[in-house]
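K.L.:
Sequence and predicted structure, then a few things I'm wondering about:
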Amino acid sequence: MPTKADRTKQFIIEKVAPLFNKHGYAATSLFHITEATGLTKGAIYGNFTNKESLALAAYQYNSHNLILQLEKVIQSKTHPLEKLSAFTNFYKNYRQFTTPIGGCPILNIGVDALENNNALSDAVKETIKSLEKMVTKVLTNGIDNEIIHVRVLPAQFSKQLITMLQGAVSMSSITGDYKYLTNTVMYLDQLIRN
């Protein structure tokens, strides 16, 4: 059973995760954090060493939820092609996941942290690797069972799939035109099926 300190820490993370995701590390101030949580500066720093450790925990919370959602949709299917389609189709409705948390955590934090926060940047890279491994595992299973036939290595295909999806997320976010994302998902579905 979680202790009171554990529950407080989790409460803080849940309240500030959307702030860091939406505004970025530098623009999220201690004022924003105390306002969102209703806690004092002392209560925040009694649970986190510094703003960087809180930002990292907030990103990991959002990232963990993203990975759990994707694992859930993949595990809901049995056939490897259905698993891949479920993965890409999650992105058709990606806004349902990202809107409450202030946008795509990979895109938002990845860009924000790239030049100014190595720990956050490294965490985003690990999330991307996790997504690639998830897709590679499904592809490898399909290839081993002679269900999926690709002309490239599963890891290479996975990188391209994630690149296309994240690129479409980026374009959709920047332009407000979600056809970038839906069209990319439709294209990937065709690629997967053929």
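P.N.:
Thanks, I have the structure now.
K.L.:
Please compute how far the helix or strand hosting residue 66 lies from its chain's middle.
P.N.:
Residue 66 belongs to helix 51-75 when assigned by DSSP states H and E. Distance of helix 51-75 from the chain centroid (C-alpha atoms, centre = their mean, to the nearest Å) equals 6 Å.
K.L.:
same check, this time on stretch 9-28
P.N.:
Counting by C-alpha atoms, centre = their mean, stretch 9-28 is centred 15 Å from the centre of its parent chain.
K.L.:
as a whole number, average confidence for that stretch?
P.N.:
In this model, stretch 9-28 has a mean pLDDT of 95.
K.L.:
which residues in this structure form helices?
P.N.:
4-23, 30-37, 41-47, 51-75, 80-92, 94-98, 105-113, 118-144, 154-175, 179-193 (DSSP state H).
K.L.:
now these in JSON lines, with mean neighbour count?
P.N.:
All C-beta atoms are positioned from the backbone trio N, CA, C, and that covers glycine. As requested, the helices of the chain are exported to JSON lines (neighbours: other C-beta atoms under 10 Å):
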{"stretch": "helix 4-23", "mean neighbour count": "17"}
{"stretch": "helix 30-37", "mean neighbour count": "15"}
{"stretch": "helix 41-47", "mean neighbour count": "15"}
{"stretch": "helix 51-75", "mean neighbour count": "18"}
{"stretch": "helix 80-92", "mean neighbour count": "19"}
{"stretch": "helix 94-98", "mean neighbour count": "17"}
{"stretch": "helix 105-113", "mean neighbour count": "22"}
{"stretch": "helix 118-144", "mean neighbour count": "17"}
{"stretch": "helix 154-175", "mean neighbour count": "18"}
{"stretch": "helix 179-193", "mean neighbour count": "16"}
